[in-house]
Structures are given as structure tokens and as C-alpha cells.
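Participant: Below is the structure, and that's it, no one-letter string:
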């Protein structure tokens, strides 16, 4: 399990760095309003993917080891096509982005949905390093394409859209080639496969929908009450702050694949407890690093219109630490078939976000949004933690780092060094 974790962490660091460079380039060339428009495009694509992933999302990771690839692939493709048409129809009446960008958002979401199907199949087969490589290529192509396009002519938001088409198109071809080459592609179906996809994916996406609203409802409230420029500033703050989840998300993704393929409940629990501690500690280290950077440096990097990031990050720290632990707990619950608890936890966070957001954001602006986000994250994770303790018999003290964890860390490091020495 060590090598996939290391590979995933390295890949996420590279991807996050390239995504930050995209934000830097956009901030310098397009300003705060350009960043706000890009954040709405990303959010629009993500909202469409929530429906698509009911069948073609993370539930595939859980189902591929149980049903194989062949019975799952065709329903996932058909669902992606249907989702694109539904999204296009809905966007005519309730657009998530400016009218000129609606078709692009739907098309980009469709490409990303195909890519997600292929990558989730690879993760279900524990081909995690291959997934990491493909995602890294995607981020690299998007960054290079965006920078080149902005310097060809006057920089516009469409440069970002076109670069994203290029990146997603290339990775769909790559991921598709490797996913279809997986053993088990040719095989019989399973009469319960459709029910399994809808049950597993539906529960997962119910959680994801509520969690996305928990994460990003503030975007729409800021856009409504404070404008696109303020949204651009907050979107940069969010991207930086959520960098604290870089290692926790990497570990959580590997944990999901591992737990889905394990049958011993005790091993599932032990791995989760250890990785929970690591995730929270790494999240705390990232938060500390972000708070050490002065505001003047943030402004120099992202452009003169991006100011006041450090106080906003400080207000979000409690929630960021809570969500670092959630990256582990949510993947444990999903990997052991307890997805409904992720849905409930996300719903609790949303119930906190709604009243606080409408109260704090109009009156306190971006600081109100940061406070709302932090409280909502913490409420959501508290529920997940209670469920994990109850269903595994784990005590709160077992989640506190101790000397034994240090010894285990040393042992892990020795294993890493010995493997590297053999390479």
C-alpha cells in the first residue's frame, strides 16, 4: 500500500501545482472577474458530473472487483450520454453559467464523465499509479495550452475553455485505451449490475451533491451579494486552503481502493485509524504553511486585485482540519458499503451552510463566507466520526497520535527506503 500512497501524493502535488499556476496565469492576465468566471465554469461542470456519477462515478471502484469490467461499461457510457442531454435541457431554463458558456460547460462535462468512467475502472483494478500518470498529463496539457492560448492574442476566458477541451480530449483517449485493455473486459453480465450501479452510485452522488453544495453554495451567494470580482478572490482563497487536503485526499483515494478489496473488518479499521491520524497531521502542516505566507506575496503571485487572502484562510482552518480527517472517514464508509452516512453528513453540513450563508455573507462579505464554510465542514465531519466510532468499536483515544504511531512510521520509512534501493 506504501507505493500507491506515495505515487498518489506525488501526483496530487504535481497536479495541484499546475492548477495553481493556471490560477496565477488567470489572475495576472484576466483579473479577479476572470477568475470568478472560471470558477463558475468549473462549478457548472462539477454540478453536471454529480448526475453523471450516479452510474459512472466512484461506485465503479466498489463494483469492479465484484462484477468485473464488461457488465459495468455500457451502462456507464449510456448514462453519460443521457446526462449530457438532460444537462443541456436544464441549462436552457436554469443556467449555472453565462449563456455563451452553457454549451461548452455541457461538452466539457461529457468529456470529463468519460474520463471518470475509465479512471474509476482502473482504480477498481488497483491501477492507481496509471490513474495518477493520466491525471498528471491532463493537468500539464491544460496548463501549457492555457498559457500558450493567452499569449497568442488578447487573453479571454475562452482560452481556459479551449485548453480544457484539449486536456480532457487527450486524457479520454489515454484512459479509454488502458481501461478497455483491462482483463475482464470480455465477460458475462450480472443481473444485479444495474441495481448495484444505481444503489452504490446513487447514494454516493447524493452525498456528493450535498457536499458540493456544502463546499460551493457560498460561491453563488458571493456572486449574488458581492459580485464576480469578490468571487474571484474567494475562489483563490478556497483553492489555496483546500491545498491542505492534498495529502489527505491522496491517502483517502488509495484507502477506498484498498478497503473495497479487503474483507477483514479489523484490517479495514486498523488501516483507517492510522491513516486518519496521518491525514489530520498533514492537513495541519499545510494550514500552518499557508498562514506563514504574507498577504503581500499572495498579491504578487496572483495579481493586484487578489488581496486579503491570509485572514480568510485563518478563518477556514478549523473546517480544513476537520475535512482532512473526512477524506479518510468518507472513503472508509464508501469502501465498506456505508455510503448513506456520507450523504447524511453532507446534508448536515448543508443545513448549517444555508442559514449561516444567507446571514453572514451579505453582512460580513468574504469573512462571513469563510466562517460559514468552516462551521459547516466541522458539523459534517463530526457526524462521520461518530458513525465510524460506533460501527468499528474504535475509541476517541485511538485516534490521538501516540509513540506507537511514530514507531510504525519509522518502520514504513524503512520499507520505503528498502524498496527504493532495489529500484
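Facilitator: Now that the structure is in, tell me what you want to look at. Predicted model, so just to flag it, every value in this text is computed and none were measured.
Participant: When you work out contacts or count neighbours from here on, use the C-alpha atoms and nothing else.
Facilitator: Fine.
Participant: Once you drop chain neighbours, what's closest to residue 348?
Facilitator: residue 380 (5.6 Å; Cα to Cα, 6 or more residues apart in numbering).
Participant: Just give the number of residues close to that neighbour.
Facilitator: 27 (other Cα atoms under 10 Å).
Participant: and if you look at residue 266?
Facilitator: There are 11 residues near residue 266, going by other Cα under 10 Å.
Participant: Can you name the helix or strand that it falls in?
Facilitator: Residue 266 is located in helix 265-292, with elements delineated by DSSP states H and E.
Participant: what residue ranges in the stretch 201-350 of the chain score low on pLDDT?
Facilitator: Applying pLDDT under 70 to the stretch 201-350 of the chain flags residues 201-209, 211-212, 214-215, 254, 257, 260, 262-263.
Participant: quick revisit: which parts of the helix holding residue 266 are buried?
Facilitator: Across helix 265-292, burial judged by 16 or more other Cα atoms under 10 Å covers 268-269, 272-284, 286-287, 290-291.
Participant: what's near enough to touch residue 371?
Facilitator: By Cα atoms under 8 Å, 6 or more residues apart in numbering, the contact set of residue 371 is 315-316.
Participant: Same question for residue 30.
Facilitator: Residue 30 neighbours (Cα under 8 Å, 6+ apart): 155-157.
Participant: taking these one by one, which sit in helices?
Facilitator: residue 157 (DSSP state H).
Participant: So which of the contacts of residue 30 is the closest to residue 32?
Facilitator: residue 157 (11.8 Å; Cα to Cα).
Participant: Nearest to residue 74 among the contacts of residue 30?
Facilitator: Residue 74 has its nearest neighbour among the contacts of residue 30 in residue 157, at 34.7 Å by Cα to Cα.
Participant: where does the closest residue to that closest one other than its chain neighbours sit relative to residue 158, distance-wise?
Facilitator: With sequence-adjacent residues excluded and distances taken as Cα to Cα, 6+ apart, residue 157 is closest to residue 34, at 6.4 Å. As judged by Cα to Cα, to the nearest Å, residue 34 and residue 158 stand 10 Å apart.
Participant: The two - which one has more neighbours?
Facilitator: Per other Cα under 10 Å, whichever of residue 34 and residue 158 has more neighbours is residue 34, with 22 against 15.
Participant: what mean pLDDT does whichever strand or helix holds the more buried one have?
Facilitator: Here residue 34 sits within helix 2-56, counting by DSSP H and E. Mean per-residue pLDDT for helix 2-56: 81.
Participant: any idea how far the host helix or strand of residue 388 is from the chain center?
Facilitator: In this assignment (DSSP H and E), residue 388 forms part of helix 339-392. Helix 339-392 sits 17 Å away from the centroid of its parent chain (Cα atoms, centre = their mean, to the nearest Å).
Participant: Geometrically speaking, which residue is the centre of this structure?
Facilitator: residue 249 (7.5 Å; Cα atoms, centre = their mean).
Participant: Could you double-check that that residue lies in contact with residue 326?
Facilitator: No. Between residue 249 and residue 326 there is no contact under Cα atoms under 8 Å: 9.1 Å.
Participant: now residue 394, what's its secondary structure?
Facilitator: For residue 394, the assignment made with DSSP: H, G, I helix; E, B strand; the rest coil gives coil.
Participant: and it, backbone torsions?
Facilitator: phi -80, psi 140 (degrees, to the nearest 10).
Participant: Over to residue 307?
Facilitator: According to degrees, to the nearest 10, residue 307 has phi -130, psi 160.
Participant: so who does it touch?
Facilitator: So residue 307 contacts 233, 295-296, 298-299 (Cα under 8 Å, 6+ apart).
Participant: Quick check: the gap between it and residue 294.
Facilitator: Applying Cα to Cα to residue 307 and residue 294 gives a distance of 11 Å.
Participant: still on that earlier bit, show the pLDDT at the residue nearest to residue 348.
Facilitator: pLDDT for residue 380: 89.
Participant: That one reaches residue 341, doesn't it?
Facilitator: No. Counting by Cα under 8 Å, residue 380 does not reach residue 341; the two are 10.1 Å apart.
Participant: Determine the set of other helices and strands touching the host helix or strand of residue 129.
Facilitator: In this structure, residue 129 sits in helix 128-152 according to DSSP H and E. Judged by 3 or more Cα pairs under 8 Å, 6 or more residues apart in numbering; DSSP states H and E, the packing partners of helix 128-152 are helix 2-56, helix 102-124, helix 157-180.
Participant: So which of those is the most surrounded?
Facilitator: helix 102-124 (a mean of 24; mean count of other Cα atoms under 10 Å).
Participant: Check which helices and strands that one is in contact with.
Facilitator: helix 2-56, helix 59-67, helix 70-93, helix 128-152, helix 157-180.
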